[in-house]
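**Student:** Okay, sequence plus prediction incoming.
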Amino acid sequence: MLSGLFFATAPKACAEDDNPTVSITPRVSGRSNQLKSRAESLRVDVNLVLIPVMVTDPYERPVQGLRKSDFHVFEDGVEQEISQFFSEEEPISIGIVLDASASMRKKMDESRRAIMEFLKASTTGDEFSLLKFNDRPESVCPFTTDPKDIENILPSVQAEGWTSLFDAIYLGVNQMKHANHARKVLLILSDGGDNNSRYTEREITNLVKEEDVRIFSISIFDKSSSLEAITEESGGRAFRVRKLEELPELAATVSEELHSEYVLGFAPAERPTDGKYRKVKVTAIPQTAGGLPVRTSWKRGYYSPAP
């Protein structure tokens, strides 16, 4: 399956003792040994591949009511038979990753509002964590099912320092081992690129391929090609706002999308055990009422079992 072997722990309320100093493993040439060991833990027996898929119209509204026959799935260019198909709302584990670098100083109020709107649009059973990043990433609140735990701590997050975006994504993905739900998402709010990380964009892209965590990002003002590439690989979406006042509404829209997805399952026609990455492509053939094509987002692949 497309999920990692994670062990869950019970959520904790935010407290001073829950904010340890975060240590990021120094970067080494190529993939780090830590990333390699993580990849090996994910290459489980692949009898059924489950692909979460989101379909939206040109106005970013979820497209409901699709059938199995509306989708086609390809693995390494070869079409696969869809044996499983369902659409249901299940609780999600969501790690909120907030840019708290100096360039965000005049954008923090709207960013806090956006997070609160996102929390309001959540459904019963969702759990959340909060991570901020500037010179380095730091866990601010571990997973909790009470949105007020996040809301109460947001005012203490102040903007200063540089931007360690890639390190923050690494930490956010790694913290998902504490999540209690199978569906895992990172939501990133940032206004720029990276200028202070130990990890590179390539290393983070490889990590995202290996993990079952979908990444959604909201870029403030400037388009971020790095975030777009990383989110697309994970099966998530990258958004951008040109006006600060657009942030809260967009955050609520993202929450709606997260809770409206299809899951497609297929048994690979060939089941090699070479440990290689298998590319997956999903297409949806229906059109919206206005005759415009829909947008499809999905997890871009998985690793076959290692020999």
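**Tutor:** Yep, it's here.
**Student:** Just want the phi and psi numbers for the most centrally placed residue in the chain.
**Tutor:** Most central in the chain under Cα atoms, centre = their mean is residue 215, positioned 1.9 Å from the mean C-alpha point. Backbone torsions of residue 215, given as degrees, to the nearest 10, read phi -120, psi 130.
**Student:** how much space between it and residue 172?
**Tutor:** Note on residue 215: its distance to residue 172, by Cβ to Cβ, to the nearest Å, is 8 Å. To be clear about C-beta, it is placed using only N, CA and C from the backbone, and glycine gets the same treatment.
**Student:** Now do the shared contacts for those two.
**Tutor:** Common neighbours of residue 215 and residue 172, using Cβ atoms under 8 Å, 6 or more residues apart in numbering, are 186, 188.
**Student:** What is the burial count for residue 115?
**Tutor:** Residues near residue 115, counting by other Cβ atoms under 10 Å, number 24.
**Student:** For stretch 151-163, give me every contacting residue.
**Tutor:** Stretch 151-163 has contacts (Cβ under 8 Å, 6+ apart) with 14, 98-105, 107-108, 112, 115-116, 119, 130, 132-135, 140-141, 190, 192-196.
**Student:** close enough to count as contact, the residue nearest to the centre of the chain and residue 229?
**Tutor:** No. If you go by Cβ atoms under 8 Å, residue 215 and residue 229 don't touch, sitting 10.5 Å apart.
**Student:** Can you give the domain ranges for this protein?
**Tutor:** Domain ranges of the chain: 46-88+261-303, 89-258, per automatic domain parsing.
**Student:** most neighbours per residue, which of those domains?
**Tutor:** Highest mean neighbour count of those: domain 89-258, a mean of 20 (counted as mean count of other Cβ atoms under 10 Å).
**Student:** looking only at pLDDT, what's the mean for that one?
**Tutor:** Averaging pLDDT along domain 89-258 gives 94.
**Student:** what do you get for stretch 61-81?
**Tutor:** Rounded mean pLDDT across stretch 61-81 is 92.
**Student:** C-alpha coordinates for that stretch, PDB please?
**Tutor:** The C-alpha trace of stretch 61-81 is given here as PDB (Å, rounded to 0.1, in the frame of the first residue of the first chain):
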ATOM      1  CA  ARG A  61     -14.500  23.700  -6.000                       C
ATOM      2  CA  PRO A  62     -14.400  20.000  -5.300                       C
ATOM      3  CA  VAL A  63     -16.100  17.900  -8.000                       C
ATOM      4  CA  GLN A  64     -18.500  15.400  -6.400                       C
ATOM      5  CA  GLY A  65     -20.400  12.400  -7.700                       C
ATOM      6  CA  LEU A  66     -17.800  10.900  -9.900                       C
ATOM      7  CA  ARG A  67     -17.700   7.200 -10.700                       C
ATOM      8  CA  LYS A  68     -15.000   4.600 -11.100                       C
ATOM      9  CA  SER A  69     -15.500   4.700 -14.800                       C
ATOM     10  CA  ASP A  70     -14.600   8.400 -14.800                       C
ATOM     11  CA  PHE A  71     -11.000   7.700 -13.900                       C
ATOM     12  CA  HIS A  72      -8.000   6.000 -15.600                       C
ATOM     13  CA  VAL A  73      -4.800   5.000 -13.700                       C
ATOM     14  CA  PHE A  74      -1.500   4.300 -15.300                       C
ATOM     15  CA  GLU A  75       1.700   2.800 -13.800                       C
ATOM     16  CA  ASP A  76       4.900   3.600 -15.700                       C
ATOM     17  CA  GLY A  77       2.700   4.300 -18.800                       C
ATOM     18  CA  VAL A  78       0.700   1.100 -18.600                       C
ATOM     19  CA  GLU A  79      -3.000   1.400 -17.700                       C
ATOM     20  CA  GLN A  80      -4.100  -0.500 -14.600                       C
ATOM     21  CA  GLU A  81      -7.500  -1.900 -13.700                       C
END
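**Student:** What's the separation between residue 239 and residue 151?
**Tutor:** Where residue 151 is concerned, residue 239 sits at a distance of 22 Å (Cβ to Cβ).
**Student:** Give the full set of residues in contact with residue 251.
**Tutor:** 114-115, 117-118, 121, 218.
**Student:** Phi, psi for it please.
**Tutor:** Backbone geometry at residue 251, expressed as degrees, to the nearest 10, gives phi -60, psi -40.
**Student:** Residue 233 and residue 211 touch, don't they?
**Tutor:** No. When contacts are counted by Cβ under 8 Å, residue 233 is not listed as touching residue 211 (10.6 Å).
**Student:** Now do the same contact list for the residue nearest to the centre of the chain.
**Tutor:** Going by Cβ under 8 Å, 6+ apart, residue 215 touches 169, 185-186, 188, 208, 230-231, 234, 236.
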